[in-house]
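**Q** sequence plus predicted model, see below.
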Amino acid sequence: MAVKDIYQLGNKKLYEISDEVKYEELSQVRQIVTDLHDTMMNFRKTYGVGRAIAAPQIGVMKRILYMNIDQPVAFINPELVDKSEEMMELWDDCMCFPNLLVWVKRHSSLTIRYRDLNWDIQEMKLQGDLSELLQHEYDHLDGILATMRAVDSKSFSFRSEI
């Protein structure tokens with residue numbers, strides 16, 4: 001098990017833009033995905049939440065996302081396309097600030113295009129909470145945190161207050 005430390009709010013690395021994964025790096029990606037899985041499962045065991053994680057959250061500045069809801073999915077060099085004009089507002093949380101919630105606005109649906117662990121191009125259509133989840137994780141790749149997406153200056157709450 002390779003549980004990594006999750007960078008916390010304020011860590012300067014969280015605000016950096018991640019580099020694309022090159023085909024030649026694919027063999028290293030499998031270990032990164034294993035680390036993301038182990039770290040997320042450990043977080044889930046501790047906090048009872050955690051459906052996806054981005055590589056920058058554990059200090060790997062590569063464009064890799066990992067989601068595990070019904071089955072594990074690794075997203076390499078993802079792109080968000082076909083974002084709906086319809087928006088939704090909801091409380092967003094993050095492993096980088098586990099007790100804080102942020103009220104954000106996100107696209108209600110989108111398509112994510114990515115490479116899988118075999119370097120094949122895939123697409124997945126997402127809506128509702130899964131659309132929000134992948135937008136949140138994708139933001140990590142561009143150095144954007146949910147705190148930066150807050151609807152207004154009163155859009156913050158501790159988890160215990162909700």
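**A** On my side now, so go ahead. Numbers count the residues shown, from 1 in each chain.
**Q** I figured residue 156 hits residue 101, correct?
**A** Yes. Counting by CB atoms under 8 Å, residue 156 touches residue 101, with 7.1 Å between them. Placement of C-beta: from N, CA and C, glycine included.
**Q** three-state assignment of residue 105?
**A** Three-state call for residue 105 (DSSP: H, G, I helix; E, B strand; the rest coil): strand.
**Q** contact partners for it?
**A** By CB atoms under 8 Å, 6 or more residues apart in numbering, the residues touching residue 105 are 87-89, 149, 151.
**Q** excluding its backbone neighbours, what's nearest residue 33?
**A** residue 74 (4.6 Å; CB to CB, 6 or more residues apart in numbering).
**Q** ok, the one you found - contacts?
**A** Residues near residue 74 by CB under 8 Å, 6+ apart: 29, 33, 36, 64-66, 116-117.
**Q** recalculate using a threshold of 7 Å.
**A** 33, 64, 66, 116-117 (CB atoms under 7 Å, 6 or more residues apart in numbering).
**Q** which helix or strand contains it?
**A** strand 72-81 (DSSP states H and E).
**Q** given that strand, what are its sheet partners and their directions?
**A** Strand 72-81 has the following sheet partners, assigned by DSSP bridges: strand 64-68 (antiparallel), strand 109-115 (antiparallel).
**Q** JSON lines for those, including distance to residue 58 and mean pLDDT?
**A** Below are these laid out as JSON lines (distance: least, CB to CB, whole Å; pLDDT from 0 to 100):
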{"stretch": "strand 64-68", "distance to residue 58": "10", "mean pLDDT": "98"}
{"stretch": "strand 109-115", "distance to residue 58": "19", "mean pLDDT": "98"}
